[in-house]
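In: Quick one: sequence and predicted model below, then my questions.
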Amino acid sequence: MTPEDMSKRAVELFKQRFHCSQAVAAAGQEMLGLDEPAVIRAMGAFGGGIASQGSVCGCLTGGIAVLSQLHSRANAEEKESPQMWRSSYRLVKRFRELTQEYGGIDCREIAQVNWRDKDAVKQFYGDPASRRQLCAKLVGATAQALGEILEEEKSQA
């Protein structure tokens, strides 16, 4: 799977009502050949800016989750790779570039939705002219950036 394929797959999942965090994480898992539904399920509450509070965009948290899944540890006996920090830093830096035009990396700046307002959420999902289109674009761009980082890591190994 290429970074471009990851982009398309993440957007496809987002359009199927996966949260942005889940769409990016699922595309990342597919590129890595992983199938861990519990991780995708766990990413659900990161949509809407962590528990629909409008903070850090789920696209970024989904991508960081994939990098952590690849480089972190699952128990105290395992070693954590310092690559996790380098790769995560690179993704955050790239995400800041991708979201500069929106004013920051937070969902409230990008989607501009009050996730606690039922009517605003209905408009976000139902109106073809809503900022959901921007979110879909960002989901794809973030998945592609994650894919590029993963490809670079693979080529350096």
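Out: Great, that's in hand. In this text the structure is predicted, and so the values were computed from the model without any measurement. Residues are numbered from 1 along each chain as shown.
In: switch to C-alpha atoms for all contacts and neighbour counts from now on
Out: Noted.
In: So for the biggest helix by length in the chain, mean pLDDT?
Out: Secondary structure of the chain per DSSP state H: the longest helix is helix 132-156. Mean pLDDT, helix 132-156: 96.
In: Distance check, the closest residue to residue 9 other than its chain neighbours against residue 115.
Out: The spatially closest residue to residue 9, leaving aside those adjacent along the chain, is residue 27, at 6.0 Å (Cα to Cα, 6 or more residues apart in numbering). Going from residue 27 to residue 115 by Cα to Cα, to the nearest Å gives 25 Å.
In: likewise residue 32?
Out: From residue 32 to residue 115 the distance is 32 Å (Cα to Cα).
In: One more: residue 72?
Out: 31 Å.
In: Please give me every residue in contact with the spatially most central residue of the chain.
Out: Compute the mean C-alpha point of the chain, and by Cα atoms, centre = their mean the closest residue is residue 59, 2.5 Å away. Residue 59 makes contact with 20, 21, 23, 24, 47, 138, 139, 142, 143 under the criterion Cα atoms under 8 Å, 6 or more residues apart in numbering.
In: Can I get those residues in CSV including neighbour count and distance to residue 122?
Out: Formatted as CSV, those follow (neighbours: other Cα atoms under 10 Å; distance: Cα to Cα, whole Å):
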residue, neighbour count, distance to residue 122
20, 34, 17
21, 31, 19
23, 34, 20
24, 39, 23
47, 26, 15
138, 24, 20
139, 33, 20
142, 28, 25
143, 32, 26
